[in-house]
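Asker: Okay, sequence plus prediction incoming.
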Amino acid sequence: VSEAEAKKLRKQVRDLKRKRKVATDSGEKAELKRQIAEIEAMMGAGDSTDGPEWADVTSDGGVKIKVIKEGKGFKPGKHATVEAHLIGTRGDGREFFSTQGTYPFSFILGDKQVCKGLELALMKMSVGEAAEVVIKPAYGFGDDGLHRVEEGMSVVPPKETIKYAVSLEHFKSRPGTLPPDQDPEARRLLALRKEREEAKNKNLQEEVEEAADDINALKLKQEDYPTLGSPPKAVQSIPSPSGGVRGRSESERRKSHHKRSMSPQLHRETDKDLVRPMTPLELDAEDTPSKDS
């Protein structure tokens, strides 16, 4: 019996029970009771958890799970924070909890925010997996039932076998509760650390290559200029018009001038050499006798 058919059958049972409640004829009541029994038998056959598709989570039949859609990856462990869509129904098919059309329900496994059977079932599921879970009272709400009335939840009768439609959307393990190779969060952190190390090594390799290029460029310059700081040979070998050699540096010229200025002989020779020749007008003026003479 499919879920849609089961809903129709449960609705028929409710309608028949209402008719039987208001019926006055004993024969009519007996017929309605027979119809109700037949439909409940059909529903019971459809709700059987003895097939091979049902896995026994607790080995005593207290929690059974049937996978509707396979998931991928690892399974959450104790103290993991899970996010799941849940539809909880009682034995008569009435929903007592549902996240349909809303955000997934988030809770920590082991903190008793849900019944024990649901926690055990979620520990057997992977992310993306959808399943049906049937929970006996010992792993559900026990002999007392659920008397707390919270937002989106109504009362579950005592000693009630409940059923959940579960879809595990995401989970995050508490650090240290799972081996690194099984913890999605640890795997994410390891991948991030590896990515950063690769980027760091890549930047270091680029710096080494740039330094090598700079060294090669410097070697090429040294081949053109054997002595660092000296001018090229072509400049040193250019002769000057006076027969000297061009290319003396400014510091050498200053040293030469300083030596000449400090030597008296050189200074006199320099003064003598620097006498300006007389112009023709000056020569004529010198040869013409003055009036006084």
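Answerer: Yes, it's here.

Asker: next helix or strand past the longest strand along the chain?
Answerer: Longest strand in the chain by number of residues (criterion: DSSP state E): strand 162-172. Per DSSP states H and E, the first helix or strand lying C-terminal to strand 162-172 is helix 184-224.

Asker: could you check the angle strand 162-172 makes with that next one?
Answerer: 20 degrees (axes from the mean of the first three to the mean of the last three C-alpha atoms, to 10 degrees).

Asker: which helices and strands sit right next to helix 184-224?
Answerer: When contacts are defined as 3 or more C-beta pairs under 8 Å, 6 or more residues apart in numbering; DSSP states H and E, helix 184-224 packs onto strand 162-172. For the C-beta atoms, the positions are set from N, CA and C on the backbone; glycine is no exception.

Asker: Please enumerate the strands of the stretch 51-200 of the chain.
Answerer: For the stretch 51-200 of the chain, the strands defined by DSSP state E, counting those that start in this stretch occupy 54-56, 63-69, 81-89, 95-98, 105-108, 130-135, 162-172.

Asker: right, so of these, which gets closest to Ala211?
Answerer: When those are compared by C-beta to C-beta, strand 162-172 sits nearest Ala211, at 44.2 Å.

Asker: residues making contact with that closest one?
Answerer: 47, 69, 71, 76, 80-91, 96, 104, 115, 118, 121-122, 125-135, 140-141, 156, 184-185 (C-beta atoms under 8 Å, 6 or more residues apart in numbering).

Asker: Can you give me every residue that contacts Ala121?
Answerer: Neighbour list for Ala121: 57, 63, 65, 131, 133, 135, 164, 166 [criterion: C-beta under 8 Å, 6+ apart].

Asker: The last one bridge partners, please.
Answerer: Yep, that's Val166 we're talking about. With DSSP bridges as the criterion, Val166 is bridged to Leu86, Ala131.

Asker: and if you look at Lys172?
Answerer: Judged by DSSP bridges, the bridge partners of Lys172 are Thr81.

Asker: Look at it and say how many residues are nearby.
Answerer: By other C-beta atoms under 10 Å, the residues close to Lys172 number 16.

Asker: okay, it: pLDDT?
Answerer: For Lys172, the model assigns a pLDDT of 85.

Asker: do Ala30 as well
Answerer: Predicted confidence (pLDDT) at Ala30: the value is 84.

Asker: Can you show me the helices along the stretch 1-150 of the chain?
Answerer: Secondary structure of the stretch 1-150 of the chain (DSSP state H, counting those that start in this stretch): helices located at 3-22, 26-46, 116-122.
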